[in-house]
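# Here is my input, please return the structure:
(one chain, ligands or ions: 3)
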Amino acid sequence: MKSIHFFISIILFIPGMLFGNGSSAGGQLPVPPVLEGKELKLDIRQGELELPFGTSKTLGFNGSYLGPTIRLSSGDLADISITNSISENTTVHWHGLHVPAEFDGGPHQIIPAGGSWNPVFAIKQSAATLWYHPHLMGQTAEHVYRGLAGMFIIDDDYSKSLDIPKDYGMNDIPLIIQDRRIGRDGSFEYNPGGPDIMMGYIGNAVLVNGAYKPELDLKKGTYRFRILNGSNSSIYRVTFSDKHRFTVIASDGGFLPKTVQTDQLVMSPGERYEILIDFTKKAETKIALDIMGGNSHEIMTINTSRETGSYFEHPAALKYDHPDYSAKNLTKRVFNMETRGMGVFTINGQKMNMDRINFSLNQNSEEIWTVRNIGMGMMNIPHSFHVHDTQFTVLSLNGQPPGPLYAGPKDTILLFAGETAEIGVSFRDYTGVYMYHCHLLEHEDSGMMGQFMVE
Ligand code: C2O
Ligand code: CU
Ligand code: CU
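Numbers count the residues shown, from 1 in each chain. Ligands and ions are numbered 1, 2, ... in the order given. From the prediction side, this is the model:
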């Protein structure tokens, strides 16, 4: 067997990971089970997660940590019965999904402790790798951190017709990447101090699908990874140890019009990419995370055997349909994301207020939003702007046409201090209240969020 390691880098703030390097902790990569069909059931539970350092008290959907991968097709009706079996209120939000506001699962749709919630909505969007997680006002970060997150995959006729790897868990593999801060007792818990609110609650160990340094044994062949940065605030550079090149076929909300060949991806919390990568028995790669400044940490090892599986062509172009944002009369809005002091995060000078709708817009309209990260002195505090209910089109980044990784559907965009993105958003079918916010969850919980009404 040859070893391949998958690396990721944490781009910001980490002085050094306690558990970053050294020998692999072993254990096969866990792959979340699939949840599909007409009536889906999610139960929010308490659990425990065992890691090489110790055991942590966690939360999970239908299990101890994370949740099943929900899988539905465009045109299906999602009918999801959620029971909340923990002693705290929470919510479940469908990140990246186009859903009626009442079923969005934002801070307004509280599932009380011991209660239940049954959102029912049609899947009205094309194939994509999305996810779900709690969104309770002020407690999103903690609930996600303790383990409440899962993938949500949508297929459509086009994705089913493509000749690319699509055998879930076999050659189409989800990778949910999350850092956790392992304490002296070997467990992780959510306990942020002032600097953690400012910089994000950054970990010292990185989990993939809830495992520390797992191994993945593969045949030779082409594999598809669906990568989600499910971390609270860490920004990663994902690379393979041998600078193995791969093809990026999809961003947050679906396929890229032109696929991108690269050897690295930068991912902020909430973002997803799908990649295709070929392994031969000569390949030697680890998946790694990189801290800004080039400090790489191995997070997973891929071992390729002599056996040959299937190779696939990497498509050069894929289908991406989006609204036309070229009309001159579209409504424009500006969103200034600003750090106003220790732990004070605002958008357009305001902190989130549940009782205030920040603006209204018309249903079935396109708009152009300019989103800026206003820096704060010398501190380069990044923000990751996310909007509910829509997949947006990046029209420009810092005044330039966006690069090819930003040419597909997105719902979350990373902006370092001083950066500006212009995005085209569209709202169809539904009316009601949706959120926009920074997806660095410590910032979101500290008020870097707002709400708008589609009417
Ligand atoms: Cu992934 Cu408003 O959230
Ligand atoms: Cu969302
Ligand atoms: Cu932020």
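
# Which parts of the protein are helices?
With helices called from DSSP state H, the chain shows them at 140-145, 157-161, 194-199, 441-445.

# rank those helices by mean pLDDT and give me the bottom one.
Least confident of these, judged by mean pLDDT, is helix 194-199 with a mean of 88.

# can you pull the alpha-carbon coordinates of it into PDB?
Extracted C-alpha coordinates of helix 194-199, given in PDB (Å, rounded to 0.1, in the frame of the first residue of the first chain):
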ATOM      1  CA  GLY A 194     -12.800  37.500  24.500                       C
ATOM      2  CA  PRO A 195     -10.000  36.800  21.900                       C
ATOM      3  CA  ASP A 196     -11.900  33.700  20.700                       C
ATOM      4  CA  ILE A 197     -14.900  35.900  19.900                       C
ATOM      5  CA  MET A 198     -12.600  38.300  18.000                       C
ATOM      6  CA  MET A 199     -10.600  35.800  16.100                       C
END
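
# related to what we said a few turns ago, tell me the most buried of the helices of the chain?
Most buried of the helices of the chain, by mean neighbour count (mean count of other Cβ atoms under 10 Å): helix 441-445, with a mean of 27. To be clear about C-beta, it is placed using only N, CA and C from the backbone, and glycine gets the same treatment.

# What is the neighbour count of the residue in the chain positioned nearest to ligand 2?
Nearest to ligand 2, among the residues of the chain, is His95, at 3.7 Å (Cβ to the ion). Neighbours of His95 under the rule other Cβ atoms under 10 Å: 24.

# For Thr301, find the nearest of the helices of the chain.
Closest to Thr301 of these is helix 140-145 (Cβ to Cβ; 25.2 Å).

# which regions of the stretch 301-450 of the chain lie under the pLDDT threshold?
Applying pLDDT under 70 to the stretch 301-450 of the chain flags the ranges 377-378.

# near ligand 2, which residues of it?
Contact residues (Cβ under 5 Å from the ion) of the stretch 301-450 of the chain with ligand 2: His388.

# Surely Glu313 touches Thr247?
No: using Cβ atoms under 8 Å, Glu313 is not in contact with Thr247; the gap is 9.8 Å.

# more crowded one of the two?
Thr247 (21 against 10).

# which ones are touching the residue most central in space within the chain?
Nearest to the mean C-alpha position of the chain, by Cα atoms, centre = their mean, lies Gly270 at 2.7 Å. Going by Cβ atoms under 8 Å, 6 or more residues apart in numbering, Gly270 touches His95, Trp131, Asn229, Asp252, Ser384, His386, Asp411, Thr412, His439.

# again, 7 Å this time
Shown in contact with Gly270 (Cβ atoms under 7 Å, 6 or more residues apart in numbering): His95, Asn229, Ser384, His386, Thr412, His439.

# and those residues as a markdown table, adding distance to His322?
Compiled in a markdown table, the contacts of Gly270 are given as follows (distance: Cβ to Cβ, whole Å):
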| residue | distance to His322 |
| --- | --- |
| His95 | 19 |
| Asn229 | 23 |
| Ser384 | 21 |
| His386 | 18 |
| Thr412 | 16 |
| His439 | 21 |
